[in-house]
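Structure for the following, please:
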Amino acid sequence: MATYKKRGYKAKEVKIDQTDDVDFNEQDSTTAEVFNTLDESANKTEEWVSKNQNYILGVIGAIALGVLGYLAYEQFVAKPKEVNAGNDMFYAMQQYNQALQSPVAQDSLYNLALHGVNGKYGLIDVIDNYSGSANANLATYAAGMSYLNTQKYQEAIDYLSDYKANDAMTGAIANGGIGDAFMQLNQAGEALEYYEKAVAASTNAYTTPMFLQKAAVTAMELNKNDVALKYFQRIKEEFAKSPEAALVDAYIAMAKNK
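Next up, the predicted model:
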């Protein structure tokens, strides 16, 4: 906005303190020092980069190669490996699922699932040939459960222990399966540990009361009646509609009186 002078107005004389010159000079000097410092730092950085450019380029190249290698592995190795594993395990999983659904000839179906037949891969073949793949991990779970159901308890423990659960439900069942195998081997202490892991792995109306009951009964066998009572009480309070709740009052009375 323009400024207009009133007629007859006389501007006052402004006095400038001589110290202002000193302040300006000091400020100019400080600014110059800052820029000089920045210049020196920049020069040192440029010198370091110049001396170490081969090293820097090598690091950048290694990172780039690593990224490209990972992408190439995923595209040309991992994905085809998963596809091949899925194709080769189809027969084995078919036999495994039939064994789960049918009480007739279960042992033979589980054995076909584990070992295959007539050139068709079994679960063990998939695990051995496609190690590290997601399908081999699934085959590890199925193999462990197959061994458990054919009373080969140490093998069941070995395979179920190797299974890396991708969901809480199968994680709970795998830990519970290990607990069952230890119980069959008369190792109640280890069984209780895995039943407790199964309970902790997932909270649901199916596996949780089942493994709470197994943990409680095993605890009673180990004379850990306080632990057993805690688990029975949880079934009564949290899973009143579960099959395990039907006899829970009788179990509670046993735990209190034992």
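
quick one: low-confidence ranges for the stretch 51-200 of the chain?
Counting by pLDDT under 70, the stretch 51-200 of the chain contains low-confidence ranges at 51-81.

where along it do the helices fall?
Under the criterion DSSP state H, counting those that start in this stretch, helices of the stretch 51-200 of the chain are mapped to 53-73, 79-88, 90-101, 106-115, 123-129, 134-149, 153-162, 168-184, 188-201.

Please produce CSV containing these, extended by distance to Met220 and mean neighbour count.
In short, each C-beta sits where N, CA and C put it, glycine included. Listed next are the helices of the stretch 51-200 of the chain as CSV, based on distance: least, Cβ to Cβ, whole Å; neighbours: other Cβ atoms under 10 Å:
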stretch, distance to Met220, mean neighbour count
helix 53-73, 52, 10
helix 79-88, 43, 15
helix 90-101, 30, 18
helix 106-115, 30, 19
helix 123-129, 36, 21
helix 134-149, 23, 23
helix 153-162, 22, 20
helix 168-184, 13, 22
helix 188-201, 10, 21
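
Any chance of a markdown table for those helices, columns distance to Ala215?
Output for the helices of the stretch 51-200 of the chain, formatted as a markdown table (distance: least, Cβ to Cβ, whole Å):
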| stretch | distance to Ala215 |
| --- | --- |
| helix 53-73 | 43 |
| helix 79-88 | 35 |
| helix 90-101 | 24 |
| helix 106-115 | 26 |
| helix 123-129 | 29 |
| helix 134-149 | 18 |
| helix 153-162 | 17 |
| helix 168-184 | 8 |
| helix 188-201 | 4 |
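
Ala255 contacts Ala228, doesn't it?
Yes - Ala255 is within contact range of Ala228, at 4.6 Å (criterion: Cβ atoms under 8 Å).

So for those two, which residue has more residues nearby?
Ala228 (26 against 22; other Cβ atoms under 10 Å).

So that one sits against Met220, correct?
Yes - look at Ala228 against Met220 with Cβ under 8 Å: they come within range, at 4.4 Å.

which neighbours do those two share?
Listed contacts common to Ala228 and Met220 are Ala255; contacts here mean Cβ atoms under 8 Å, 6 or more residues apart in numbering.

Now do the same contact list for the closest residue to Tyr194 other than its chain neighbours.
With sequence-adjacent residues excluded and distances taken as Cβ to Cβ, 6 or more residues apart in numbering, Tyr194 is closest to Gly179, at 3.7 Å. Contact analysis of Gly179 by Cβ under 8 Å, 6+ apart lists Glu190, Ala191, Leu192, Glu193, Tyr194, Tyr195, Lys197, Ala198, Phe211, Lys214, Ala215, Thr218.
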